[in-house]
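Chemist: how would this look folded up:
(one chain, ligands or ions: 1)
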Amino acid sequence: MKAVRVYEFGGLEALKYEEVTVPEPGEGEARVKIEAIGVNFIDIYHRIGRYQGKLPLTLGQEAAGVVDAIGPNVTDVKVGDRVAYASVQGSYAEYAIAPVWRLVPISVQVDSQHAAAVILQGMTAHYLTHSTYPLKTGDTALVHAAGGGTGQLLVQIAKRCGARVIGTVSTEEKATLAREAGADEVINYAQSDFETEVKRITDNKGVDVVYDSVGKDTFDKSLNCLRRRGYMVLYGQSSGSVPPVDPQTLNAKGSLFLTRPFLQHYTADRGEIFSRVNNLFQWIAAGELKVRIDKTFPLADVAEAHRYLEDRQSKGKIILIP
Ligand SMILES: NC(=O)c1ccc[n+]([C@@H]2O[C@H](COP(=O)([O-])OP(=O)(O)OC[C@H]3O[C@@H](n4cnc5c(N)ncnc54)[C@H](OP(=O)(O)O)[C@@H]3O)[C@@H](O)[C@H]2O)c1
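Modeler: As a prediction, the model looks like this:
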């Protein structure tokens, strides 16, 4: 089978599309014949070595496909089941092994590409809005990169929680997408100072929560956008890592809360995964959650897909087809 592996951390040249042996499932595992693979920033971090996996490393954390073999003592899935999963290393391949407890059955209304598109970023948007800072009617949320893959899902889910949503974007095209997702206000942070704009929009009250996936470029000003005792939810770093923070800063800016959450800690068992994904699939089937696939690339063109995401072009989900 074909797979994309990394032997040395590095640039796009580190991506090797090559022939490897089809893996066999062990106890508690299934083999999935992959139909669609989700591309995420974390794959770039694994490629460049910001997150250091064991080399050689098959990239990818997210996919959808059909179970084609099961290991000993597996009863929760059977051969032929359509499934999707996230947070399991090795999905940039024609076949991958996954622990059965992480496999979610795909409902009939959702095709493989959309299942692969929503499982990681959708569960992220779900836990951020329902668990990290559970949004309620009357809250105001600031969502950075609101025209990106996670951003568009986050805006839609925040709106269904009853929140008022302010989104930031860097282009007019992304502004349109953020508005279509339901953002009440959209700020082009490449053109205006988002802190000034948020203070104007909220009459200097500040927002209840900031969901920040951008990191270095937005972190400091995001703290200034919060109300007293507001919640700073830093969940990514697409612009670079945030330097260390002095806890006294949180006191000085209004007894703020700061958290740096991670999907795996909010999808800790089968029950938690199912409850989030069942919500997502129900909303998709009802036409209440739109999953925008921005680009699909053949797996062999993985370097183009990584370049697209790194060049800040993504306007939704990027999918690889094996
Ligand atoms: N903690 C978690 O559980 C979790 C889960 C999912 C993702 N994440 C993290 O969230 C971040 C975003 O990842 P994603 O997969 O969600 O992608 P994404 O939503 O598609 O985000 C990409 C967007 O980030 C914005 N961005 C700002 N500065 C950028 C830069 N210098 N380079 C590239 N993009 C930049 C761009 O929007 P504008 O051009 O409009 O600024 C771009 O469209 C990553 O750091 C990822 O690791 C964390």
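
Chemist: Look up how far residue 287 lies from the spatially most central residue of the chain.
Modeler: Residue closest to the mean C-alpha point of the chain, counted by CA atoms, centre = their mean, is residue 121 at 2.9 Å. To residue 287, residue 121 is 19 Å away according to CB to CB, to the nearest Å. All C-beta spots, glycine's among them, are computed from the backbone N, C-alpha and C.

Chemist: which parts of the stretch 151-300 of the chain sit against the ligand?
Modeler: Contact residues, the stretch 151-300 of the chain versus the ligand (CB under 6 Å from any ligand atom): 151, 169-170, 174, 213-214, 235-239, 261-263.

Chemist: which one of these has the most neighbours?
Modeler: For those, the largest neighbour count, defined by other CB atoms under 10 Å, is 29 neighbours, found at residue 151.

Chemist: Quick check: that one touching residue 178?
Modeler: Yes: using CB atoms under 8 Å, residue 151 makes contact with residue 178 at a distance of 6.9 Å.

Chemist: what touches both of those two?
Modeler: Each of 167, 169 lies in contact with both residue 151 and residue 178 under the rule CB atoms under 8 Å, 6 or more residues apart in numbering.

Chemist: before we move on, back to that, helix or strand right after the one helix or strand the residue nearest to the centre of the chain maps to?
Modeler: Using DSSP states H and E, residue 121 sits in helix 112-127. Remark: after helix 112-127, the chain's next helix or strand is strand 140-143, criterion DSSP H and E.

Chemist: next SSE after that next one?
Modeler: Next along the chain from strand 140-143, counting by DSSP H and E, comes helix 149-160.

Chemist: helix/strand/coil for residue 4?
Modeler: Secondary structure, DSSP: H, G, I helix; E, B strand; the rest coil: residue 4 is strand.

Chemist: Now do it against the ligand, distance only.
Modeler: From residue 4 across to the ligand, the span is 17 Å (CB to the nearest ligand atom, to the nearest Å).

Chemist: can you count the residues close to that residue?
Modeler: By other CB under 10 Å, neighbour count at residue 4 equals 29.

Chemist: Hmm, it is touching residue 15, no?
Modeler: Yes: here residue 4 lies in contact with residue 15, judged by CB under 8 Å, at a distance of 5.6 Å.

Chemist: list residues touching both of these two?
Modeler: 59, 302.

Chemist: taking the residues of the stretch 151-300 of the chain next to the ligand one by one, which sit in strands?
Modeler: Counting by DSSP state E, those place residue 169 in strands.

Chemist: Now do the contacts for the closest residue to residue 82 other than its chain neighbours.
Modeler: Leaving aside its sequence neighbours, residue 82 sits nearest to residue 106 (CB to CB, 6 or more residues apart in numbering; 4.4 Å). Residues counted as contacts of residue 106 (CB under 8 Å, 6+ apart) are 64, 82, 83, 84, 112, 115, 281.

Chemist: Sounds good, over and out.
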